[in-house]
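Asker: only geometry, no sequence info:
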Ligand SMILES: Cc1cc2nc3c(=O)[nH]c(=O)nc-3n(C[C@H](O)[C@H](O)[C@H](O)COP(=O)(O)O)c2cc1C
């Protein structure tokens, strides 16, 4: 395959990818998850520190995460006993069950003086996008989520992360139960300033 054909495949996959919020119970295979993780590790990263850490949550691990999220939410609520409060807590508990597999992707805090925290987060975000594109190519559905859980010290502790590590994404992975929503990003023109660019005849 020529470089140009390859380029177009990547570009088409980028344009085709959309977040899918509802999934069936059908689990991705281990090989598919491993393929996504492999794609992630090819992301650019400064000082080659490969700051990403992955946690694959399936089956009961999702319930355990839900319990931690619900308990944590309860500590932040003034009332936990009313029917309404119980419903909110139950909803939180069920959140990780929205996909058969969750990939928690964390950026490790800098371990060397020359490493900058935000660059580890940036590299890990690039790794997440690689995962989403690899999943898209395999016909899987994904949803990059964060929410309170991503910033919750209890969740980090459960995963063995330090408070200074960052949960960059909780990627919900499965098979689509709904059609993808269309999204038309704003024209690049609105976001771009060209400096000293001269159009030349090609
Ligand atoms: C850092 C980050 C955090 C996100 N967190 C959530 C989230 O908590 N809940 C959610 O519904 N979507 C979340 N999203 C997904 C965005 O809502 C989604 O990417 C956006 O609506 C654009 O749609 P598209 O992915 O289909 O192009 C997150 C995306 C990013 C990059």
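Answerer: Happy to help now that I have it. Predicted model only: the values in this text are computed from it and were never measured.
Asker: need the nearest residue in space to residue 182, chain neighbours excluded.
Answerer: Of all residues not flanking residue 182 in the chain, residue 18 sits nearest, at 7.7 Å (CB to CB, 6 or more residues apart in numbering). C-beta coordinates here come from the backbone N, C-alpha and C atoms, glycine included.
Asker: test my guess that the one you found contacts residue 176.
Answerer: No: counting by CB atoms under 8 Å, residue 18 stays clear of residue 176, with 9.5 Å between them.
Asker: and the contacts of the host helix or strand of residue 106?
Answerer: Element membership of residue 106 [criterion: DSSP states H and E] is strand 101-107. Outside of strand 101-107, the residues within contact range by CB atoms under 8 Å, 6 or more residues apart in numbering are 27-28, 33, 36-37, 40, 51-58, 62, 65, 96, 120-121, 123-124, 127-128, 131, 156, 159, 161, 165-174.
Asker: so how far is the top strand by length along the chain from its chain's centroid?
Answerer: In the chain, taking DSSP state E as the definition, the longest strand is strand 166-174. Relative to its chain's centre, strand 166-174 lies at 3 Å (CA atoms, centre = their mean, to the nearest Å).
Asker: cool, and stretch 81-101?
Answerer: With CA atoms, centre = their mean, you get 20 Å for stretch 81-101.
Asker: what parts of this structure come near the ligand?
Answerer: Listed as neighbours of the ligand in the chain under the rule CB under 6 Å from any ligand atom: 18, 19, 144, 145, 146, 147, 183.
Asker: quick check: the farthest pair among these?
Answerer: Farthest apart among the residues of the chain next to the ligand by CB to CB are 147 and 183. That separation is 20.2 Å.
Asker: more neighbours: which of the two?
Answerer: Shown here are residue 147 and residue 183; by other CB atoms under 10 Å, residue 147 has more neighbours (11 against 8).
Asker: pLDDT averaged over the lengthiest helix in the chain - what is it?
Answerer: Using DSSP state H, we find that the single longest helix of the chain is helix 117-137. Across helix 117-137, pLDDT averages out at 98.
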